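Predicted model follows, preceded by the sequence.
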Amino acid sequence: MTATAPWTIEKPTAMLVLADGTVIEGKGIGATGKVQAEVCFNTALTGYQEILTDPSYLGQIVTFTFPHIGNVGTNEEDIEDLTPAARHGAVGVIFKADITDPSNYRAAKHLDAWLKARGIIGMCGIDTRALTAWIRENGMPNAVIAHDPSGVFDIDQLKTDAKAWSGLEGLDLAKQATSGQSSQWAQTPWVWNEGYGALGNDEAKYHVVCLDYGVKRNILRLFAGLDCKVTVLPATASTEDVLGLKPDGIFLSNGPGDPAATGEYAVPVIKDLIDSEIPLFGICLGHQMLGLALGARTAKMHQGHHGANHPVKDHTTGKVEIVSMNHGFAVDSNSLPEGVEETHISLFDGSNCGLRLSGKPVFSVQHHPEASPGPQDSHYLFRRFVNLVREKKGEPALAER
Ligand SMILES: NC(=O)CC[C@H](N)C(=O)O
């Protein structure tokens with residue numbers, strides 16, 4: 001008797017077709033249909049629901065290197081996008097193993113049903129190690145993922161679709177991922193056995209304005225946990241919209257797509273905000289856009305950084321933090337103009353992970369200090385930001401760690 005590999009598919013109901021014509025067969029899961037996107041791999045062992053709902057993944061298909069995804073089901077709490085109805089997040093997903101029935105006290109829905117409801121097209125039963133190795137070798141490919149329970153696919157058409165997609169480079173997705181209207185945020189971080197809390201109006205000492213390019217909820221919660229009420233503004237907000245709110249601090253959020261493609265509407269506003277002398281903090285896309293506003297360049301990476309186990313060094317303290325990452329573009333360290341200091345680097349490849357502007361309360365990081373999912377080593381960056389606000393008000397600094 002010949003052993004059958006667990007990923008052998010008798011009747012494929014899903015296809016991943018890469019722009020170079022590679023065809024990978026699998027079993028369809030989640031929503032049906034087809035979508036063009038870039039494939040990236042994520043090495044996190046936990047937190048699939050937060051990953052899939054991170055708006056920074058818009059335009060991407062995530063292949064998880066961890067083989068068993070879905071074991072703890074899904075719930076209403078672990079969603080990261082501000083407007084879940086708009087479904088800003090990953091558009092496709094790839095797992096090695098099929099999804100098992102959930103086993104967790106927080107599970108409210110099977111991952112397969114949740115993927116269907118959210119419109120995420122998926123496939124399982126493929127050798128995700130081989131796909132990951134392919135991406136490491138060749139870079140993140142443009143592709144089409146298709147799921148059809150009939151098992152009938154027009155492969156030539158899928159190849160044409162995969163080739164025809166112009167990719168993430170030059171693509172502005174921040175305008176699409178932004179919540180598009182102003183809103184208030186006061187929810188504080190999740191606490192074991194208690195769930196999420198709320199910051200009362202009289203407890204809010206500071207007011208932070210967040211420019212939303214596709215913000216994750218846990219970033220806003222960490223601000224609220226440090227006595228900051230947050231006003232979230234759309235990506236296209238003007239300098240006057242921001243300054244009119246008289247913020248104590250300004251935050252530039254994470255988000256999808258190419259930072260350089262936001263140059264026309266967002267970067268000029270960020271330049272004005274730097275001049276305002278109000279403490280300014282950026283994360284991921286916000287970091288890249290701040291870099292552009294300061295005169296640096298950004299570039300597409302080969303395989304990007306997506307995971308929850310990346311070592312990053314903070315030059316300002318000499319400490320190494322293990323962080324959550326999700327980016328496919330990066331600020332080119334060699335392009336940092338005078339007066340802009342590189343504060344953090346990736347210990348995987350030396351790429352830029354942070355900057356600050358000398359003489360101004362302005363800094364940003366490439367990684368995701370809010371974690372969600374991931375280690376919480378970088379939470380100190382939120383205190384670093386609040387300390388800039390406190391310094392301006394003549395208040396003593398909080399301990400960073
Ligand atoms: N997480 C993010 O904000 C991602 C930023 C940008 N879209 C990138 O891929 O590099």
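That came in fine, so what should we check first?

Please make it C-alpha for all contacts and neighbour counts, starting now.
OK.

my guess is residue 217 meets residue 84, correct?
No. Using Cα atoms under 8 Å, residue 217 is not in contact with residue 84; the gap is 11.0 Å.

These two: which has the busier surroundings?
residue 217 (22 against 14; other Cα atoms under 10 Å).

How about the contacts made by residue 370?
The contact partners of residue 370, taken as Cα atoms under 8 Å, 6 or more residues apart in numbering, are 218, 219, 222, 376, 378, 379.

hmm, which two among those are most spread apart?
With Cα to Cα as the measure, no two of those lie farther apart than 218 and 378, at 13.0 Å.

Now the common contact residues for these two.
370, 371.

Around the ligand, which positions in the stretch 301-401 of the chain sit nearby?
Selection of the stretch 301-401 of the chain residues close to the ligand by Cα under 6 Å from any ligand atom yields 326, 327, 328, 329, 330.

just checking, what packs against the helix or strand encompassing the last one?
Going back to what we said before, that points to residue 330. According to DSSP states H and E, residue 330 maps onto strand 319-331. Helices and strands touching strand 319-331, by 3 or more Cα pairs under 8 Å, 6 or more residues apart in numbering; DSSP states H and E, are helix 285-293, strand 298-314, strand 352-357.

how many other residues sit next to the nearest residue to residue 373 once chain neighbours are set aside?
Leaving aside its chain neighbours, residue 373 sits nearest to residue 47 (4.9 Å; criterion: Cα to Cα, 6 or more residues apart in numbering). Residue 47 has 17 neighbouring residues, counting by other Cα under 10 Å.

With residue 164 as the reference, measure out to residue 47.
32 Å (Cα to Cα, to the nearest Å).

Of all the residues in stretch 269-282, which ones are buried?
Across stretch 269-282, burial judged by 16 or more other Cα atoms under 10 Å covers 269, 270, 271, 273, 274, 278, 279, 280, 281, 282.

ah, wrong one, I meant stretch 46-54
46, 47, 48, 49, 50, 51, 52, 53, 54.

Pick the one among the residues you listed closest to residue 196.
Using Cα to Cα, residue 50 comes nearest to residue 196 of those, at 15.5 Å.

confidence score at residue 290?
In this model, residue 290 is scored at 98, pLDDT.

Near the ligand, which residues of the protein are found?
Applying Cα under 6 Å from any ligand atom, we find that the chain lies next to the ligand at 56, 254-258, 284-285, 326-330.

if you compare the helices and strands packed on strand 319-331, which one is most tucked away?
Stretch with highest mean neighbour count among these: helix 285-293 (a mean of 29; mean count of other Cα atoms under 10 Å).

neighbours around residue 19, how many?
By other Cα under 10 Å, the residues close to residue 19 number 21.

go on, residue 317?
9.

Quick check: residue 140 vs the ligand, distance?
Going from residue 140 to the ligand by Cα to the nearest ligand atom, to the nearest Å gives 11 Å.

From residue 134, how far out is that residue?
Distance, residue 140 to residue 134, using Cα to Cα: 9 Å.

Give me the more crowded residue out of these two.
Between residue 140 and residue 134, residue 140 has the larger neighbour count (other Cα under 10 Å), namely 21 against 13.

In terms of pLDDT, where does that one sit?
For residue 140, pLDDT reads 98.

Also residue 164?
Listed pLDDT for residue 164 reads 98.

Please, where are all the helices along this structure?
According to DSSP state H, the chain carries its helices in the segments 48-52, 111-118, 128-138, 155-164, 174-177, 217-224, 239-243, 266-275, 285-293, 380-392.

What's the local residue count around residue 77?
By the measure other Cα under 10 Å, the count of residues near residue 77 is 13.

what are the phi and psi values for it?
Per-residue torsions, residue 77: phi -90, psi -30 (degrees, to the nearest 10).

What residues sit buried inside the strand holding residue 330?
For strand 319-331, burial by neighbour count (16+ other Cα under 10 Å) applies to 320, 321, 322, 323, 324, 325, 326, 327, 328, 329, 330, 331.

what about it, average pLDDT?
98.

Likewise for stretch 63-77?
Average pLDDT, stretch 63-77: 97.

Could you give me the buried positions within that stretch?
Within stretch 63-77, the residues scored as buried using 16+ other Cα under 10 Å are 63, 64, 65, 66, 67, 69, 70, 71, 72, 73, 74, 75.

Which two among those residues are spaced furthest apart?
65 and 75 (22.3 Å).

how far away is whichever residue of the stretch 51-200 of the chain sits closest to the ligand from residue 338?
The nearest approach of the stretch 51-200 of the chain to the ligand comes at residue 56, 4.6 Å away (Cα to the nearest ligand atom). Distance, residue 56 to residue 338, using Cα to Cα: 30 Å.

same thing with residue 175?
Counting by Cα to Cα, the gap from residue 175 to residue 338 is 31 Å.

So these two - more neighbours on which side?
Shown here are residue 175 and residue 338; by other Cα under 10 Å, residue 175 has more neighbours (20 against 10).
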